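Colleague: Got a sequence here, can you model it:
(2 chains)
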Protein chains: 2
Amino acid sequence: MTPPASVLVIGCGLIGTSIALALREHGVDVHLDDTSRSNLELAVSRGAGSAEPVAAPDLVVVAVPPSGVVDTVSHVLSTWPDAVVTDVASVKTHLAARIAELPGSYRYVGSHPMAGSERAGPMAASARLFEGRPWAVTPMAGAGERSVRLIEAVAELVGAVPITMDAESHDRAVALVSHVPHVLSVLAAARLRDAPRSHLSLAGPGLRDVTRIAGSDTALWSDILRSNAGEVRALLEQVRADLEGVIASLGLDEPAVDGILESGRAGTRLIPGKHGERPIEFATVFVPIADHPGELSRLMAHTGESGVNIEDLRIDHELGRPVGLVEIAVLADRADVLVEALTARGWPAYR
Amino acid sequence: MTPPASVLVIGCGLIGTSIALALREHGVDVHLDDTSRSNLELAVSRGAGSAEPVAAPDLVVVAVPPSGVVDTVSHVLSTWPDAVVTDVASVKTHLAARIAELPGSYRYVGSHPMAGSERAGPMAASARLFEGRPWAVTPMAGAGERSVRLIEAVAELVGAVPITMDAESHDRAVALVSHVPHVLSVLAAARLRDAPRSHLSLAGPGLRDVTRIAGSDTALWSDILRSNAGEVRALLEQVRADLEGVIASLGLDEPAVDGILESGRAGTRLIPGKHGERPIEFATVFVPIADHPGELSRLMAHTGESGVNIEDLRIDHELGRPVGLVEIAVLADRADVLVEALTARGWPAYR
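Modeller: Below is the predicted model:
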C-alpha cells in the first residue's frame, strides 16, 4: 500500500502533532487544523505541517478529544468526499455505532495508537512517539478494504505495529490489558492513604511497580473507564469473584489460595515479551552502585563490553543511603557470563 | 552499639549465607550450621564462615524456613544462655506469640530483612543483598534493650536500614505494602488466562508493571498469605468494598469512580521516594534506541556528561522491531536540561 500523499490532521495535541511530525519525516504533505489558535501555531512552529487549507486530502486524522470525535468525523466525511478518515480515541465501540449512521461511513476506520507521554500538547509531541508501539486498527463491518490498508500503512510508516481487530474486540482487549489493571493498581494504592507513615517505610519495588499507573491523571482515567464501562464492569465482576475466593480461603486457613496464585503466574507468562515472541526465560543480575551519574555510565560501558544484551534494566530506589541497586534482566543462559564479566571489572554483581 | 564479635548463623540459604558473608566482610567471627550438609559445605566454600562448633556466640541468626523457626529458637535459647537470638521470617506475630512462652525469650528479637533474589540457596547469596534495603526489627514487649540495639547494629552493619516496630504493626504493614498488592497483581494477571492472544498484543508497560510480581513463586506466596491471613483478609475486605463502589458507579455511568481514582493517586504519593524523603516530582525523558548493548552504554555516557542524575531508568520492550524505548526518570526541573543535552548529542529524546 502506498502511503497517503497528503494528510490533514485535525487536533494538534500530543497525538495529532506527533503523527504529523512522523509523517513529515517521510515526505508526506501534512496540513493542520485546531480550534485552539495557539496549539495550531505551536504545531506549525515545530514543523508539523502547514496551517493552509487543503483541497483534497487522501487521509484526515481526527485527533480531537473523544467527546468531539463524532461531530468532527461527520464534518470531514461530508466536506471531503474522497478522503479516508480515522480517529485516535482510546475506546471505539460507542463511537463506531454513531459513525456507522453517517453518510460515507465506509471511508471511516478507527485507530488507537497505544502510545502517550506524561505531558500533553504540541510541545510534548515527538515523531518517535509511536516507534515499536501497538496501533490498533478497528474497521467497522462496512469499511472499504482500501481504507483499512491505508490506515495500516500509516501506522507502519510512523513506526508502529498495526493490529487490526473489530471495535468490540478492541474495547474488550483494552479493558483486559489496560483498564482493569489500572483499577487494580488504584485499589492497591488507595489502601495506603490511611496507613501510618512507618508502615510505608517497609515499601519495596513490588509496591512501586503495582501502584505506578495509579499515579496517572484522574480526569483522563475517569473518562476512559466510563466510556468503556460495560467491558470494564464485566471483567471487574470476574475479579470480584476471584477476590471473594481469596478472602474465603484465607478465612479457612486452607491452600485454596494456590489456585488463583497459579492462574496469576500463568497469566503473566502470556504477556508478549520482546519481539512479540513467546515469553522467554530471563534472569536478573543485581549490581549495587554509588548513586551518581558516572557510576551508571561506567556500569553500562562494562556491560556493553561483556557482549551480553540487556533485555530490561531497573534502578531500585533506596532508603537513606548513597547507593542504588541496578537490576539488569538478561537471557537466563547469559546471566552467569554477565556476573563474571562485571565481577572481573570490580563490580559487586550477583544474581 | 558495638557489633557482635561472634555470630552463629543457622540455615545457609540465600538470606542466612548473605548475612554471614556481609558480617565476615566486617571482621565478625561467623560460624555456620545447616541440616543440609551440602548447603553448609557450599556456604563454607563461599567464605561465609566456619562449620566448627561455637562455644558462646554473641548472636544467633535463625535463618531456617518459617515452619522450623520456633523449635530452632527454643533450642538456641536453652543451649546458649547468653546469646541474643533473631530470625528472618517474613511474618512475625504468630511466631512471637509462641516464642514469648519460651524460657529466656527476652533474648529474642524478630527480624525481617526486606531483600531477596529470584534464586535461592547459598550460591545465590551476596554480601550486598541488604544494601539500602529496609530491615524490620520487631521486639516483643519483654525484649531486652541491649538485644534490640544489637539487632539494629547488625542490620546497619550489613548495609540495611533498621526500622523498629512491634510484630503486629509489622504484619499489618507488610499486608499493606506487600501481601495485598501481591494479591491484586495476581487478580489482574489471572484475567489474562482466558483472553484471545490477539487481545494481549495490545499490552503495554502498564500491564507489565502491575502484573510483574504475580510471576513469583506460588508455593512461597501461598505460605506467606496464609501465615498473615488475618491482616491480609481485613485489608482485602476493604479492597472489596472499594471494588463494589467502582462496579456500582460504572453501572450508573456517573463520575463516582473519580473518588477512588483520587484516593489511589494520593496513595502513590505517600510511597517513600529516594533517600526516604517526601515524594519528589519526577519527570520522564523518553529516548528510542537501537536494541543492542553498545547503544545503551553510549546513551548512559551522554546522560552522565549532562550532569543530570538518573532517579530511575526503564527499558520498554517493543513489538517486532529492533528498537527499545528507554525511559529515564529525573527530577522534574532537570528534564529539559537532559532533553537538550541528549538532543545536542544526536538522540531523539523527548519528554
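
Colleague: so what's the nearest residue to residue A:26 once chain neighbours are set aside up against?
Modeller: Take residue A:26 and drop its neighbours on the chain: the residue closest to it by Cβ to Cβ, 6 or more residues apart in numbering or on different chains is residue A:157, 5.4 Å away. The way it works is simple: take the backbone N, C-alpha and C, and place the C-beta from them, glycine included. By Cβ atoms under 8 Å, 6 or more residues apart in numbering or on different chains, residue A:157 lies in contact with A:3, A:22-23, A:26, A:28.

Colleague: Make a PyMOL selection of the buried ones in those residues.
Modeller: Here is the PyMOL command that selects the buried residues among these (16 or more other Cβ atoms under 10 Å in any protein chain shown):
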select buried, chain A and resi 3+22+23+28
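
Colleague: which residue sits farthest out from the middle of chain A?
Modeller: Residue farthest from the centre of chain A, counting by Cα atoms, centre = their mean, is residue A:252 at 40.0 Å.

Colleague: can I see the domain layout of chain A?
Modeller: Split into domains by automatic domain parsing, chain A comes to A:6-165, A:171-268, A:276-344.

Colleague: low-scoring stretches of chain A, by residue?
Modeller: For chain A, applying pLDDT under 70 flags the ranges A:117-119, A:253-255, A:273-280, A:291-293, A:316-323.

Colleague: can you give me the strands for it?
Modeller: With DSSP state E as the criterion, chain A has strands at A:6-10, A:29-33, A:59-62, A:84-87, A:109-113, A:134-139, A:161-164, A:282-290, A:312-316, A:323-331.

Colleague: With mean neighbour count added, can I get the ones you listed in CSV?
Modeller: CSV is the format used below for the strands of chain A (neighbours: other Cβ atoms under 10 Å in any protein chain shown):
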stretch, mean neighbour count
strand A:6-10, 24
strand A:29-33, 21
strand A:59-62, 26
strand A:84-87, 28
strand A:109-113, 25
strand A:134-139, 25
strand A:161-164, 19
strand A:282-290, 20
strand A:312-316, 20
strand A:323-331, 20
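
Colleague: Which one of those strands lies nearest to residue B:304?
Modeller: Residue B:304 lies closest to strand A:282-290 among the strands of chain A, at 12.2 Å (Cβ to Cβ).

Colleague: Let's have the domains of chain A in TSV, adding distance to residue B:268.
Modeller: Below are these laid out as TSV (distance: least, Cβ to Cβ, whole Å):
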stretch	distance to residue B:268
domain A:6-165	13
domain A:171-268	4
domain A:276-344	14
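
Colleague: For residue B:129, find the nearest of those domains.
Modeller: Once those are compared by Cβ to Cβ, domain A:276-344 is nearest, at 8.1 Å.

Colleague: And stretch A:92-102, what's buried?
Modeller: A:92-96, A:99, A:102.

Colleague: Select from those residues every entry located in helices.
Modeller: A:93-96, A:99 (DSSP state H).

Colleague: quick check, nearest of the residues you listed to chain B?
Modeller: Chain B has its nearest neighbour among those in residue A:94, at 11.2 Å by Cβ to the nearest Cβ.

Colleague: which residues sit in contact with that closest one?
Modeller: Neighbour list for residue A:94: residue A:227 [criterion: Cβ under 8 Å, 6+ apart].

Colleague: again with residue A:34
Modeller: Taking Cβ under 8 Å, 6+ apart, we find residue A:34 in contact with A:10-12, A:16, A:40, A:43.

Colleague: Repeat the analysis, applying 7 Å as the threshold.
Modeller: The contact partners of residue A:34, taken as Cβ atoms under 7 Å, 6 or more residues apart in numbering or on different chains, are A:11-12, A:40.

Colleague: Most neighbours out of these, which is it?
Modeller: residue A:12 (31 neighbours; other Cβ atoms under 10 Å in any protein chain shown).

Colleague: Now for it: which residues touch it?
Modeller: Residue A:12 makes contact with A:32, A:34, A:39-40, A:43, A:122, according to Cβ under 7 Å, 6+ apart.

Colleague: and which of these is nearest chain B?
Modeller: residue A:122 (12.0 Å).

Colleague: Make TSV from the contacts of residue A:12 and add distance to residue A:256 to it.
Modeller: What follows is the contacts of residue A:12, written out as TSV (distance: Cβ to Cβ, whole Å):
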residue	distance to residue A:256
A:32	58
A:34	56
A:39	55
A:40	59
A:43	56
A:122	53
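
Colleague: Sort out which of those are in helices and list them.
Modeller: A:39-40, A:43.

Colleague: Helices of chain A, start to end?
Modeller: Under the criterion DSSP H, helices of chain A are mapped to A:14-25, A:37-45, A:69-79, A:93-99, A:145-157, A:167-174, A:180-190, A:197-200, A:205-211, A:218-227, A:229-252, A:257-268, A:293-306, A:335-344.

Colleague: burial measure for the nearest residue to residue A:268 once chain neighbours are set aside, as a count.
Modeller: Distance criterion Cβ to Cβ, 6+ apart; nearest residue to residue A:268, sequence neighbours excluded, is residue B:215 at 4.0 Å. Applying other Cβ under 10 Å, we find 19 residues neighbouring residue B:215.

Colleague: ok, now residue A:197?
Modeller: Counted with other Cβ under 10 Å, residue A:197 comes out at 8.

Colleague: how far away is it from residue B:272?
Modeller: In this view, residue A:197 and residue B:272 are 9 Å apart by Cβ to Cβ, to the nearest Å.

Colleague: likewise residue A:234?
Modeller: With the distance defined as Cβ to Cβ, residue A:234 ends up 37 Å from residue B:272.

Colleague: With neighbour numbers in mind, choose between those two.
Modeller: Per other Cβ under 10 Å, whichever of residue A:234 and residue B:272 has more neighbours is residue B:272, with 19 against 14.

Colleague: so the more buried one sits right up against residue A:204, yeah?
Modeller: No. Applying Cβ atoms under 7 Å, one finds residue B:272 not in contact with residue A:204, separated by 10.4 Å.

Colleague: Report the contact partners of the closest residue to residue A:233 other than its chain neighbours.
Modeller: Using Cβ to Cβ, 6+ apart and skipping residues adjacent in sequence, the residue nearest residue A:233 is residue B:250, 4.5 Å away. With contacts defined as Cβ under 7 Å, 6+ apart, residue B:250 is in contact with A:225, A:229, A:232-233, B:257.

Colleague: With residue A:142 instead?
Modeller: For residue A:142, the contacting residues are A:105-106, by Cβ under 7 Å, 6+ apart.

Colleague: make it 6 Å
Modeller: residue A:106 (Cβ atoms under 6 Å, 6 or more residues apart in numbering or on different chains).

Colleague: now do residue A:164
Modeller: Residue A:164 neighbours (Cβ under 6 Å, 6+ apart): residue A:137.

Colleague: can you do 7 Å?
Modeller: Counting by Cβ under 7 Å, 6+ apart, residue A:164 touches A:137, A:139, A:148, A:152.

Colleague: For the residues you listed, work out which two are farthest apart.
Modeller: A:139 and A:152 (9.7 Å).

Colleague: Next, format the contacts of residue B:250 as JSON lines and append distance to residue A:82 and neighbour count.
Modeller: What follows is these, written out as JSON lines (distance: Cβ to Cβ, whole Å; neighbours: other Cβ atoms under 10 Å in any protein chain shown):
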{"residue": "A:225", "distance to residue A:82": "37", "neighbour count": "27"}
{"residue": "A:229", "distance to residue A:82": "36", "neighbour count": "23"}
{"residue": "A:232", "distance to residue A:82": "38", "neighbour count": "28"}
{"residue": "A:233", "distance to residue A:82": "41", "neighbour count": "18"}
{"residue": "B:257", "distance to residue A:82": "42", "neighbour count": "25"}
